[in-house]
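**Q** Structure, please.
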Amino acid sequence: MIERIINGERTDYTPVWFMRQAGRYMKNYLKMREQHSFLEICLNPELSAQTAIMPVKKFNFDAAIFFSDILLPFLFMGAGLDYNPEPLIDFKLNNKNIKSLKIAKVDDFHFAAEALINLRKQLPNKDIIGFVGSPFTLLYYLLNQDLKAFYKLDEEGLLNELMNKITSSVINFAISQLKSKINIIQIFDTKANLLNGEEYRKYSLPYNMKLIKSLRQEKVKVIYFFLGGLKIASEAAKLDADCFSVDYSDKLSSFYKILKTPLQGNLRPEALLGEKEEVKKEIKSLMDDAENITGHIFNLGHGILKNTPEYNVSFAVDFIHNYSKK
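**A** Residues are numbered from 1 along each chain as shown. All right, here's what the predicted structure looks like:
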């Protein structure tokens, strides 16, 4: 269904899935986390697939997304990575360490293809979505979320070397997922909002272009999700993405005027915390605004919040499916 939307086909109803739909708001996931760490689930194909399947079967989402994390390439590049619960990256920024960083290989991520093959077998009638992070977003985490260090790298002429290593590692993470024959992959650029339009054009766009060019050679549909709203949209539009997933800073129709592709989004995650009538009102407003968009995949404008009631998720999915059939 989602691939059909991206291809420009008409569908009987609006498909829906939520970013972070398999996660901390679900009781079943919390039970799993009592026995397994987050990293263990990510690296174990059976646990990863089981976790991704949970919300699809419970809420009837139209897609399952690979249960993983955008930062996993660091495990194989030589930068220490753990979660407690936020990511902890052990990397001291200096010329020697940058030179010693490796490019993660496709085979390093063998668990990814195994998990996705498992997903495809268990959910044959659903879209399966893989994902990676954008190179800039990964670098921001590698620098312990310190933009001053980022600008210093640029001044010292080390930025491009580091970004190219990250980009190549991300490409190999993506290729490993595509060995499972999935048809859709999403790029998460969740730190693009830290850049203005000019900085995005310099620091993020070229590496995203390189990433998407590599994905194009694999003949996969690309969804590009970015934070930063309309200030980034005009630059992001230069990317050869099949679909853009947008934040909730503006209306879908406003994004569509700039991006001119199928769109994914963009309900406020906080909307799912309210009473059912409030949830219904926000969904209805968004879907009415999307009526003149050629191709709409319903999603959130960011990841689902951990205190979201499960009954609101169930209600929202049912309402979206039924309302779009009118």
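**Q** okay, which residue is most central for the chain?
**A** The residue at the geometric middle of the chain, judged as the C-alpha nearest the mean C-alpha position with C-alpha atoms, centre = their mean, is F188 (4.0 Å).
**Q** In contact with that residue: list those residues for me.
**A** When contacts are counted by C-beta atoms under 8 Å, 6 or more residues apart in numbering, F188 touches 70, 131-134, 137, 225. For every residue, glycine as well, the C-beta is placed using N, CA and C.
**Q** Throw these into TSV and include secondary structure and pLDDT, thanks.
**A** Output for those, formatted as TSV (DSSP: H, G, I helix; E, B strand; the rest coil; pLDDT from 0 to 100):
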residue	secondary structure	pLDDT
I70	coil	97
F131	strand	97
V132	strand	98
G133	strand	98
S134	coil	98
T137	helix	96
F225	strand	98
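**Q** Which one of the residues you listed sits in the busiest neighbourhood?
**A** Neighbour counts for the contacts of F188 were taken using other C-beta atoms under 10 Å; the highest belongs to V132, with 28 neighbours.
**Q** Could I get the contacting residues of it?
**A** Contacts for V132 were tallied using C-beta under 8 Å, 6+ apart; they are 70, 170, 173-174, 177, 185, 187-188, 211.
**Q** wouldn't A49 be in contact with R120 here?
**A** No: proximity of A49 to R120 does not meet the contact threshold set by C-beta atoms under 8 Å, at 9.3 Å.
**Q** ok, these two, which is more surrounded?
**A** Set side by side, A49 and R120 show more neighbours around A49, with 23 against 16, by other C-beta under 10 Å.
**Q** For F136, see how far away the residue nearest to A237 when sequence neighbours are not counted is.
**A** Of all residues not flanking A237 in the chain, L259 sits nearest, at 5.2 Å (C-beta to C-beta, 6 or more residues apart in numbering). If you measure L259 against F136 using C-beta to C-beta, to the nearest Å, the figure is 19 Å.
**Q** So for these two, which residue has more residues nearby?
**A** More neighbours surround F136 than the other of L259 and F136, with 25 against 21 (other C-beta under 10 Å).
**Q** Against K202, how distant is that one?
**A** Using C-beta to C-beta, F136 is found at 10 Å from K202.
**Q** go on, G265?
**A** G265 is 26 Å from K202, where distance means C-beta to C-beta.
**Q** These two: which has the busier surroundings?
**A** It is G265, of G265 and K202, that has more neighbours when counted by other C-beta under 10 Å, with 22 against 13.
**Q** OK, contacts around that one?
**A** Going by C-beta under 8 Å, 6+ apart, the list of residues near G265 reads 245-248, 252, 255, 297-301.
**Q** Let's have these in JSON lines, adding pLDDT, secondary structure and distance to N95.
**A** Converted to JSON lines, these look like this (pLDDT from 0 to 100; DSSP: H, G, I helix; E, B strand; the rest coil; distance: C-beta to C-beta, whole Å):
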{"residue": "S245", "pLDDT": "98", "secondary structure": "strand", "distance to N95": "37"}
{"residue": "V246", "pLDDT": "98", "secondary structure": "strand", "distance to N95": "38"}
{"residue": "D247", "pLDDT": "98", "secondary structure": "coil", "distance to N95": "36"}
{"residue": "Y248", "pLDDT": "97", "secondary structure": "coil", "distance to N95": "41"}
{"residue": "L252", "pLDDT": "97", "secondary structure": "helix", "distance to N95": "45"}
{"residue": "F255", "pLDDT": "98", "secondary structure": "helix", "distance to N95": "41"}
{"residue": "I297", "pLDDT": "97", "secondary structure": "strand", "distance to N95": "44"}
{"residue": "F298", "pLDDT": "98", "secondary structure": "strand", "distance to N95": "47"}
{"residue": "N299", "pLDDT": "98", "secondary structure": "strand", "distance to N95": "41"}
{"residue": "L300", "pLDDT": "98", "secondary structure": "strand", "distance to N95": "41"}
{"residue": "G301", "pLDDT": "97", "secondary structure": "coil", "distance to N95": "39"}
